[in-house]
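S.K.: Need the 3D shape of this:
(one chain, ligands or ions: 2)
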Amino acid sequence: MRYLSTRGQAPAQQFCDILLGGLAPDGGLYLPESYPRVTDAELTAWRALPYAELAFEILSRFIDDIPAEDLRAICRKTYTAQVYGNVREGSDATRITPVTWLEAGEGANHRGGLGLLELSNGPTLAFKDMAMQLLGNLFEYVLEQRGEQINILGATSGDTGSAAEYAMRGKHNVRVFMLSPNGRMSAFQRAQMYSLQDENIFNIAVEGMFDDAQDIVKAVSNDHAFKKQYKIGAVNSINWARVVAQVVYYFAGYFGATERNDQVVDMAVPSGNFGNICAGHIARTMGLPIRKLVCATNENDVLDEFFRTGVYRPRTSAETHVTSSPSMDISKASNFERFIFDLVGRNGDTVRALWQQVESGGAFDLNETPFADKVAEFGFVSGSSSHADRLATIRATRDAYGVVVDTHTADGLKVAAQYREADAPMLVLETAQAAKFEETLREALGEAPPRPAGFDHLEALAQRVEVMPVDVNRVKAFIRAHVDA
Ligand SMILES: Cc1ncc(COP(=O)(O)O)c(C=O)c1O
Ligand SMILES: N[C@@H](CCOP(=O)(O)O)C(=O)O
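M.R.: Ligands and ions are numbered 1, 2, ... in the order given. Now for the predicted structure:
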């Protein structure tokens, strides 16, 4: 399988090369040259598979430069009940991504039901662990094979950072340099990252928003000489491996909510950088019977605005709100470019022209192109949620179902309510656990949310972080100093 850049000006590459390379050299994002279609017989056969085997079946449709038995072993090592064991009481950790039904709906295919697809049972209590644990094992495998090292440069709004650091800590051929927005994450999120003392982990808090940090990551990646010399890699969802690993749980969620392949499911996805829902779009394009993909934003509603109006207008950092679902405080959704590539018929020239407008501080309006009418074919609908909505949803979910959800999942539930229908189940992707956002949970419920074992006193641990202005050269100098040392 070869991979192409969304901007059409980079040579096609194999999976292992783009795994280590991250961003394409023309500034675009990699996608497979075509999406494999799954047959009805495959869907039927995959229904009964344990998660690790399902992951192998799906990943092997995209990865043909790792021997099948090695890839299978990596999947089996990654997707275990031990790694994803932080389940809520009554949930089955062996399923890796169990479904909790808030309303079971009618019949065995849960018509009209409302479920949470639990994605946050991994080591850092957010859905990022689903892909990041795999990435850690893939990096280790490919780097060993090639006798190479990598210096990962990432950006986080709260969850990617800790997931990457937990997946890579202690690995001898990987260093992680992680940029986070200074003072903009929850106390728990900060402590998860900054309390790590491993020698290969470096936390940098930039005096800006997530988008500033992501811009720095892209600028460093676009300095090809620096990237080559310092072997810079990516763990954000600009790295295709993140997205493809996320495709797997859409299949697992579908199988958990249906009993036959002629049944459809709607899925609601709390969204920021568009990586999670982009994986849903790919699963749907492969033939998984997802009817609606509900894109749920917080007050940073760039994506909701696009799906309502056809206008994509990223905001500046000054216009980006600091909210109580901080991991979604994103106004330039990098994976959106992957969706637009598919929408415009996979034409790199068109994408390049649209992103020239965006990158010069502007916007694009699909209504001025032949593509506006095509958006509906992709199943997307959208909505946004506010702080008051989050508090009300957290309260109502606890009161009605006895289930405590985090602030991002609350955004998903709030928007999902607008789109529920009686003839299919609605699955809301549970992207983090409530314990990560204790301040807001206390505000909503008057008490602290449950905390899985092993996280007591996290915030009291000593922390190590370098604070820096938003300055690409300062970040490069920091990397240089630590790698050369
Ligand atoms: C808890 C949580 N929910 C939702 C999101 C949004 O996901 P995405 O950026 O893939 O759209 C994030 C960050 O990515 C997150 O950490
Ligand atoms: N919400 C993320 C931001 C980065 O998204 P990614 O999926 O591109 O890594 C976070 O919590 O860090």
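
S.K.: only C-alpha atoms for contact and neighbour calcs from this point on.
M.R.: OK.

S.K.: so is residue 296 in a helix, a strand, or just coil?
M.R.: strand (DSSP: H, G, I helix; E, B strand; the rest coil).

S.K.: list the contacts for it?
M.R.: By CA atoms under 8 Å, 6 or more residues apart in numbering, residue 296 lies in contact with 268-271, 304, 382-385, 411-412, 415-416.

S.K.: Kindly indicate which of those lies nearest residue 103.
M.R.: Checking these against residue 103 with CA to CA, the nearest one is residue 416 at 13.3 Å.

S.K.: Quick check: residues of the stretch 251-400 of the chain near ligand 2?
M.R.: Contact residues (CA under 6 Å from any ligand atom) of the stretch 251-400 of the chain with ligand 2: 273, 275, 327-328.

S.K.: from these, which are also near ligand 1?
M.R.: Restricting these to those within reach of ligand 1 (CA under 6 Å from any ligand atom) leaves 273, 275, 327-328.

S.K.: can you list these in JSON lines and add pLDDT, neighbour count and distance to residue 111?
M.R.: Listed next are those as JSON lines, based on pLDDT from 0 to 100; neighbours: other CA atoms under 10 Å; distance: CA to CA, whole Å:
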{"residue": "273", "pLDDT": "97", "neighbour count": "25", "distance to residue 111": "30"}
{"residue": "275", "pLDDT": "98", "neighbour count": "25", "distance to residue 111": "28"}
{"residue": "327", "pLDDT": "97", "neighbour count": "26", "distance to residue 111": "31"}
{"residue": "328", "pLDDT": "97", "neighbour count": "28", "distance to residue 111": "30"}
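
S.K.: Widest-spaced pair of those?
M.R.: 275 and 327 (12.5 Å).

S.K.: taking the contacts of residue 296 one by one, which sit in helices?
M.R.: Among the contacts of residue 296, the members found in helices (DSSP state H) are 304, 411-412, 415-416.

S.K.: Need the buried ones from the residues you listed selected in PyMOL.
M.R.: Listed next is the PyMOL selection for buried residues among the ones in helices among the contacts of residue 296, using 16 or more other CA atoms under 10 Å:
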select buried, resi 304+411+412+415+416
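
S.K.: Closest one of the ones in helices among the contacts of residue 296 to residue 109?
M.R.: Taking the ones in helices among the contacts of residue 296 together and measuring to residue 109 by CA to CA, the closest member is residue 416, at 18.2 Å.

S.K.: how much space between the closest one and residue 115?
M.R.: Applying CA to CA, to the nearest Å, the value for residue 416 to residue 115 is 11 Å.

S.K.: who's in contact with the residue in the stretch 51-200 of the chain positioned nearest to ligand 1?
M.R.: Closest approach between the stretch 51-200 of the chain and ligand 1, counting by CA to the nearest ligand atom: residue 159, at 4.6 Å. By CA under 8 Å, 6+ apart, the residues touching residue 159 are 124, 126, 128, 189, 327.

S.K.: Take the residues you listed and lay them out in TSV including distance to residue 18.
M.R.: Shown next, in TSV, are the contacts of residue 159 (distance: CA to CA, whole Å):
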residue	distance to residue 18
124	26
126	25
128	19
189	29
327	26
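
S.K.: any idea which of the residues you listed is the one closest to ligand 2?
M.R.: Out of these, the member with the shortest distance to ligand 2 (by CA to the nearest ligand atom) is residue 327, at 4.2 Å.

S.K.: Now do the helices in the stretch 251-400 of the chain.
M.R.: 275-285, 302-309, 336-343, 348-359, 387-401 (DSSP state H, counting those that start in this stretch).

S.K.: quick one: the fourth one to chain centroid distance?
M.R.: When distances are taken as CA atoms, centre = their mean, to the nearest Å, helix 348-359 is centred 23 Å away from the chain's centroid.

S.K.: angle of that helix against helix 336-343?
M.R.: On the basis of axes from the mean of the first three to the mean of the last three CA atoms, to 10 degrees, helix 348-359 is oriented at 150 degrees to helix 336-343.

S.K.: What are the buried residues along helix 348-359?
M.R.: Buried residues in helix 348-359 (16+ other CA under 10 Å): 348, 350-352, 354-355, 358.

S.K.: ditto for the last one
M.R.: Going by neighbour count (16+ other CA under 10 Å), the buried part of helix 387-401 is 387, 389-391, 393-397.

S.K.: Would you convert these into a markdown table that also reports distance to ligand 1?
M.R.: Shown next, in a markdown table, are these (distance: CA to the nearest ligand atom, whole Å):
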| residue | distance to ligand 1 |
| --- | --- |
| 387 | 15 |
| 389 | 16 |
| 390 | 13 |
| 391 | 16 |
| 393 | 15 |
| 394 | 15 |
| 395 | 18 |
| 396 | 20 |
| 397 | 17 |
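
S.K.: Reformat those residues as TSV; add pLDDT.
M.R.: Formatted as TSV, these follow (pLDDT from 0 to 100):
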residue	pLDDT
387	98
389	98
390	98
391	98
393	98
394	98
395	98
396	98
397	98
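
S.K.: so which of those residues comes closest to residue 478?
M.R.: Using CA to CA, the buried residues of helix 387-401 come closest to residue 478 at residue 387, 36.7 Å.

S.K.: wait, doesn't that closest one sit right on residue 322?
M.R.: No. Judged on CA atoms under 8 Å, residue 387 makes no contact with residue 322 at a distance of 10.5 Å.

S.K.: which one among the ones next to ligand 1 among the residues of the stretch 251-400 of the chain next to ligand 2 gets closest to residue 466?
M.R.: Of those, the one sitting nearest to residue 466 (CA to CA) turns out to be residue 327, at 20.4 Å.

S.K.: for the stretch 151-300 of the chain, what spans make up the strands?
M.R.: Taking DSSP state E, counting those that start in this stretch to define them, one finds strands in the stretch 151-300 of the chain at 174-181, 201-206, 232-233, 265-270, 290-297.

S.K.: picking up where we left off before, right, and out of the ones in helices among the contacts of residue 296, which lies closest to residue 146?
M.R.: residue 412 (41.7 Å).
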